[in-house]
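Participant: based on what follows, work out the 3D shape:
(chains A and B)
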Amino acid sequence: MSKGPDRLQAILDLDRLVHEPARLAILSVLSGVEWAEFKMVESLTRLTKGNLSSHLAKLEEGGYVAIHKGYRGKVPLTTLAITKKGREALDRYWEQLRQAAPRRS
Amino acid sequence: MATDLARLSQLSSRYARYGRSLPGLSLALGGVVMLLLLLAPPLIGNAAEVSWEHQRGLLALAVSALLALWLLAKEGLRRRIYQSLGLAESRPAPSTALFIRTLAAGLAVLALAYPVKALLGPAAQEPTSVQVALGLTACWALPWATLRFIRGWQEGLLWLVLGFWGLALIWVLPLWEGLLQGKGALAAILFAALPLAYFGGLAVGLVQHLQFLRLVREIRAQEPCDE
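Facilitator: Numbering: from 1, shown residues only, chains lettered A, B, ... in the order given. Now for the predicted structure:
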């Protein structure tokens, strides 16, 4: 069972890239699929295009999300997928949160 | 927050299943195609008073066209309805991928068997070369279409039933007459299986579609994640 200082350390160790609510939502959406189109993540998270793009760029930079830009016919198609590193980071994040949560007696 | 995010992941996962494993209304459409396949032989027989071999050529064309139409309609439904909020696919289960590859391999064996029957069989001289060529094209397209368009178990099973039912109509000599007279074990099995498959497909397809409509309502009711 985690004690006070351990819980504090768990909070301090939280991955800041994952901890931001919008990015956490994006990773949660992508963790449920093999891949998804940009539009689908936009529909589920209800983030604006600009906001979503900016968070995705940070997640891609961290190696948590893979972004593929292509075409379907003549229409541009951006597909997103969570990487193995991203999935591990998300699992670790939830584990750390569980450790940091105060126990009810 | 954790509950909301778990729900978000669950919503995306449910939505993505319609991009791969849940066929929705295309199952119900499959039932309609099955009925049309059942009606094709007497319609063709009445319309064209020609030999069985020529009827078989026409039947092969009708079966190929119906199967192609079902695939097109299925893809149309997937893109226009089931992926209307954006494309997404769930992770394929290894067993599903194996099933689809096995199905394609089985159809490839049939595709190889067709030329042997068409070119070397006792009725080789009867069909015109155009009919043989069209039959060959349709047969050889089946394994490709399976790998390209079939994504899940339910679609695969329906494709198998439609494919075998179509091939049985074309290949098993006057199966339709046997069906009408209620003769033979195959006729009995088909008579029993068709209504079951038709109503089963219709019911499952409609339930999946209603569940999808509810899912879309839930997705649209989501709060923005940055507020």
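
Participant: going forward, measure contacts between C-alpha atoms and count neighbours the same way
Facilitator: OK.

Participant: show me where pLDDT drops low in chain A?
Facilitator: A:1-5, A:103-105 (pLDDT under 70).

Participant: try it again with 80
Facilitator: A:1-12, A:100-105 (pLDDT under 80).

Participant: which pLDDT value goes with B:R79?
Facilitator: The score at B:R79 is 90. That number is its pLDDT.

Participant: how near is it to B:E89?
Facilitator: In this view, B:R79 and B:E89 are 12 Å apart by Cα to Cα, to the nearest Å.

Participant: for B:S64, same thing?
Facilitator: Taken as Cα to Cα, the span from B:S64 to B:E89 is 28 Å.

Participant: and the lengthiest helix in chain A, which residues are buried?
Facilitator: For chain A, the longest helix by residue count, based on DSSP state H, is helix A:84-100. By 16 or more other Cα atoms under 10 Å in any protein chain shown, the buried positions in helix A:84-100 come out as A:G86, A:R87, A:A89, A:L90, A:Y93, A:Q96, A:L97, A:Q99, A:A100.

Participant: packing partners of that helix?
Facilitator: Identification of packing neighbours for helix A:84-100 by 3 or more Cα pairs under 8 Å, 6 or more residues apart in numbering or on different chains; DSSP states H and E yields helix A:4-12, helix A:16-19, helix A:21-31.

Participant: show me which of B:R79 and B:E89 is the more surrounded one.
Facilitator: More crowded of B:R79 and B:E89, by other Cα atoms under 10 Å in any protein chain shown: B:E89, with 23 against 15.

Participant: does that one touch B:S12 like I think?
Facilitator: No: with contact taken as Cα atoms under 8 Å, B:E89 and B:S12 are classed as non-touching, separated by 9.4 Å.

Participant: tell me, what's touching these two both at once?
Facilitator: Both B:E89 and B:S12 are in contact with A:V33, where contact means Cα atoms under 8 Å, 6 or more residues apart in numbering or on different chains.

Participant: what parts of chain B come near chain A?
Facilitator: B:5-6, B:8-13, B:16, B:85-91, B:219-220, B:222-226 (Cα under 8 Å from any Cα of the partner chain).

Participant: what bridges to A:G70?
Facilitator: A:L77 (DSSP bridges).

Participant: what about it, how many neighbours?
Facilitator: 12.

Participant: that one and B:L215, how far apart?
Facilitator: The separation that A:G70 has from B:L215, given Cα to Cα, amounts to 28 Å.

Participant: strands of chain B, residue ranges please.
Facilitator: For chain B, strands defined by DSSP state E occupy the ranges B:88-89.

Participant: low pLDDT regions in it?
Facilitator: B:1-3, B:35, B:37-61, B:92, B:110-140, B:163-198, B:223-227.

Participant: ranges for the helices of it?
Facilitator: Using DSSP H, helices in chain B cover B:2-17, B:25-47, B:52-77, B:94-115, B:129-149, B:153-171, B:175-181, B:185-220.

Participant: contact partners for A:I67?
Facilitator: A:E60, A:T78, A:T79, A:L80, A:A81.

Participant: what about it, distance to B:W70?
Facilitator: Taking Cα to Cα, one finds A:I67 at 33 Å from B:W70.
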